[in-house]
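Q: Got a predicted model here, sequence first, then my questions.
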Amino acid sequence: MARLDGKQIVVIVGQKNYNEEEFNFLVSKFEDEGADVCIASNTLEKALGRLDGYASPDFTIEEINPEEFDAAVIVGGYGAKVYLWDDANTHGALEKFKQAGKVVAAISTAPAVLANAGALREKNATTYPDYNALLILEEQGANLIHDHVITDGNVITASHTRFKEKFAEAIIDKLKG
């Protein structure tokens, strides 16, 4: 039996320029562990990666029902900054995950999405060392820690694509209890 049998994870990507390396690794890892993985983006159109890949969303971010999932994982890249950092639908979905006590996780530039959604207030967190991302975390009340992967309760953040394996393991460990 895989470690995540019966677990449902929604992976959220920006509509364009999401980080394919993070996305491909995380989806593959979660599925290898037995999780059911769904993809959400701003629209139902193919979400385009920053290089040449794409993801086919199962539904829009606005349609996410946190009651159907154990975790929401946000992929980084420039697409997170442009399409998710200030997106009210994404913030609303993440607030529902937080209220339901579900796992929320973000890598690279995506922790700024969690911060803007209010999910990092008084939480230890990290982010990619982008000036604006760092500023958002601090302004939104996160306890910014310059480390690779940080877990604080049901919130998991990672600072860079290089740490995608450790990030994935932190999510898996949290979900398997």
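A: Good, I have the coordinates.

Q: going forward, measure contacts between C-alpha atoms and count neighbours the same way
A: Noted.

Q: what sits against the nearest residue to His160 once chain neighbours are set aside?
A: Once flanking residues are discounted, His160 sits nearest to Ser108: 4.5 Å by CA to CA, 6 or more residues apart in numbering. Shown in contact with Ser108 (CA atoms under 8 Å, 6 or more residues apart in numbering): Val75, Gly76, Gly77, Thr127, Tyr128, Ala158, Ser159, His160, Thr161.

Q: Which of those sits closest to Glu67?
A: Val75 (20.7 Å; CA to CA).

Q: who touches the closest one in this structure?
A: Applying CA under 8 Å, 6+ apart, the residues contacting Val75 are Val11, Ile12, Val13, Gly14, Tyr18, Asn19, Glu22, Phe23, Ala106, Ile107, Ser108, Ala110.

Q: Sitting in strands, which of those residues do you find?
A: Val11, Ile12, Tyr18, Ala106, Ile107 (DSSP state E).

Q: partners of the residue positioned nearest the centre of the chain in the sheet?
A: Per CA atoms, centre = their mean, the C-alpha nearest to the average position across the chain is that of Ile74, at 1.8 Å. Using DSSP bridges, the bridge partners assigned to Ile74 are Ile12, Ala106.

Q: That one and Ile12 touch, don't they?
A: Yes: counting by CA atoms under 8 Å, Ile74 touches Ile12, with 4.7 Å between them.

Q: what mean pLDDT does stretch 67-76 have?
A: What stretch 67-76 shows for mean pLDDT is 98.

Q: what's the span of that stretch from first residue to last?
A: Distance between the boundary residues of stretch 67-76 (CA to CA, to the nearest Å) amounts to 24 Å.

Q: ok, back up a step: between the contacts of Val75, which is nearest Lys123?
A: Ala106 (13.4 Å).

Q: pretty sure that closest one contacts Asn154?
A: No: Ala106 is beyond contact range of Asn154, at 11.6 Å (criterion: CA under 8 Å).
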